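S.K.: let me see the structure of the following:
(one chain, ligands or ions: 1)
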Amino acid sequence: MRKRSPWAVAGIATMALSLAACGSSSDKSNNSSGASGSSKPASGKVGVILPDASTSPRWESQDRPQLTAALKNAGLTPDIQNAGGDKSKFGTICDGMINSGVKVLMIVNLDSESGTACLKKAQTAGVKTIDYDRLTLGGGASYYVSFDNVAVGKLIGEGLQKCLTDKGKTSGVRIVYINGDPTDNNAALFKQGYAAALQPLIASGKYKLVGDQTGNWDATKAGTAFEQLYTQNGGKIDGVVSANDTMAQGIIARLKANNLNGKVPVTGQDASTDGLRSILTGDQCMTVYKSIKKEAAAAAALSSALISGKDAGTIATGTVQDTVLKKAVPSALQTPQSIFKSNVKDVVTDGAATVAQLCAGAAYAATCKSLGIS
Ligand code: BGC
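M.R.: From the prediction side, this is the model:
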């Protein structure tokens, strides 16, 4: 399922002399509408490096169009390219963007090392840097734009508990974790969230964690990891934490092969089309919806602030710890929402999925109708 969209190569190189550095203080003493200096709107090129097109459809189907729109809206010129999961290509794109005179470089890293290398080069060249969605540990980006990713994990853990309770399973419950890619700091934050949510149930002996593996943000690898745990446990698994929808698809395929789909609840994240359709059929129990529109809007607002040297204290209101630099990075964090069958409609209402995408096919159409998705 390797989709490849044409990489946008457009972009008018605008000469950029870097403006005053932005003090990242979240000092509330000066809130006189933010502008410190020029009143003309920010302009210039903003480079965005997306990680790949396979670990989640979001990067090409949501982030690219939403970032394009948000940056253009802010009067900026987007240059969005996708590294296709290839670290050396990531480096090449990074060099090219810096050489082309981007004023801000925003990255979704493929790992800390290659992400840091890119951010450092940008900083040396006087280009402002933003970590988009994934924090680059040790990278020293000016801002981090993402969701509260521990909260995302909490929703996953609480969601699994609800799904199991709805099936009458409240004790003697055997669960497994299929985690995200360990090179992605988010995978650790998500796990922190679901482990904390499920910990009291495990501590009380009602739940037992009988497997804890990575699925590397890959459907096939997640399916294989699940199958191994299923075999090791003699088929006795009652619920599965899957850290995203892509991996959930691989796990559901293995459950289907064992005639257990719909019986063993599986979680997810991203509210992808496939994930939502699996929720409609009951094969997946829940997902976490993250409004990419809001994430992209925050990223564009921060780019604009960095370029014009404005205080961004009202946009980056939170912090996330860079555990390598031992530094709190000013962060704009959006709030995630859990999605079960009963509120799949919310994603459509919010414009992140269409009726045509979710309800194609007779079986889906009937469910959509009964849920008021039309
Ligand atoms: C993102 C998720 C995505 C995963 C795989 C994470 O960093 O936050 O939305 O599913 O990467 O691409």
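
S.K.: helices along the stretch 201-350 of the chain, start to end?
M.R.: Taking DSSP state H, counting those that start in this stretch as the test, the helices found in the stretch 201-350 of the chain are 219-232, 245-257, 273-281, 292-308, 345-349.

S.K.: how about the shortest one: buried residues?
M.R.: Within helix 345-349, the residues that count as buried by 16 or more other C-beta atoms under 10 Å are 345, 346, 347, 348. No exception for glycine: its C-beta is placed from N, CA and C like everyone else's.

S.K.: circling back to that earlier point, out of the helices of the stretch 201-350 of the chain, which is closest to residue 331?
M.R.: With C-beta to C-beta, the closest approach to residue 331 among the helices of the stretch 201-350 of the chain belongs to helix 292-308: 9.4 Å.

S.K.: helices and strands around the closest one, which ones?
M.R.: On a contact count with 3 or more C-beta pairs under 8 Å, 6 or more residues apart in numbering; DSSP states H and E, helix 292-308 meets helix 64-73, strand 104-107, strand 128-132, strand 143-147, strand 327-334.

S.K.: please repeat the previous calculation with a cut-off of 10 Å.
M.R.: Applying 3 or more C-beta pairs under 10 Å, 6 or more residues apart in numbering; DSSP states H and E, one finds that helix 292-308 makes contact with strand 45-50, helix 64-73, strand 104-107, strand 128-132, strand 143-147, strand 327-334.

S.K.: the first one pairs with which strands?
M.R.: Taking DSSP bridges as the criterion, strand 45-50 pairs within the sheet with strand 77-82 (parallel), strand 104-107 (parallel).

S.K.: after the longest one, which helix or strand is next?
M.R.: Later in the chain than strand 77-82, the nearest helix or strand by DSSP states H and E is helix 87-99.

S.K.: to the chain's geometric centre, what's the distance from that next one?
M.R.: Relative to its chain's centre, helix 87-99 lies at 22 Å (C-alpha atoms, centre = their mean, to the nearest Å).

S.K.: then stretch 342-357 to PDB, C-alphas only?
M.R.: As requested, the backbone C-alpha atoms of stretch 342-357 are provided in PDB (Å, rounded to 0.1, in the frame of the first residue of the first chain):
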ATOM      1  CA  SER A 342     -21.400   6.700  18.000                       C
ATOM      2  CA  ASN A 343     -19.500   9.900  17.200                       C
ATOM      3  CA  VAL A 344     -17.800   9.100  13.900                       C
ATOM      4  CA  LYS A 345     -20.000  11.800  12.600                       C
ATOM      5  CA  ASP A 346     -18.000  14.400  14.400                       C
ATOM      6  CA  VAL A 347     -15.000  13.900  12.100                       C
ATOM      7  CA  VAL A 348     -17.300  14.500   9.100                       C
ATOM      8  CA  THR A 349     -18.800  17.500  10.700                       C
ATOM      9  CA  ASP A 350     -15.300  18.900  11.300                       C
ATOM     10  CA  GLY A 351     -14.500  18.400   7.700                       C
ATOM     11  CA  ALA A 352     -11.700  15.900   8.100                       C
ATOM     12  CA  ALA A 353     -13.600  13.000   6.400                       C
ATOM     13  CA  THR A 354     -16.300  13.000   3.800                       C
ATOM     14  CA  VAL A 355     -19.500  11.000   3.600                       C
ATOM     15  CA  ALA A 356     -18.400   9.700   0.200                       C
ATOM     16  CA  GLN A 357     -15.100   8.400   1.700                       C
END
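
S.K.: got the contact list for that stretch?
M.R.: Under the criterion C-beta atoms under 10 Å, 6 or more residues apart in numbering, residues 58, 61-62, 66, 270-277, 279-280, 286-287, 289-294, 337-339, 358-360, 364-365, 367-368, 371-374 lie in contact with stretch 342-357.

S.K.: let's see that with 6 Å instead.
M.R.: Stretch 342-357 is contacted by residues 271, 273, 276, 279, 289, 371, 372, 373 when judged by C-beta atoms under 6 Å, 6 or more residues apart in numbering.

S.K.: quick check: the gap between the last one and residue 326.
M.R.: In other words, residue 373. 47 Å (C-beta to C-beta, to the nearest Å).

S.K.: of these two, who's got more company?
M.R.: residue 373 (22 against 7; other C-beta atoms under 10 Å).

S.K.: I am finished for the moment; much appreciated.
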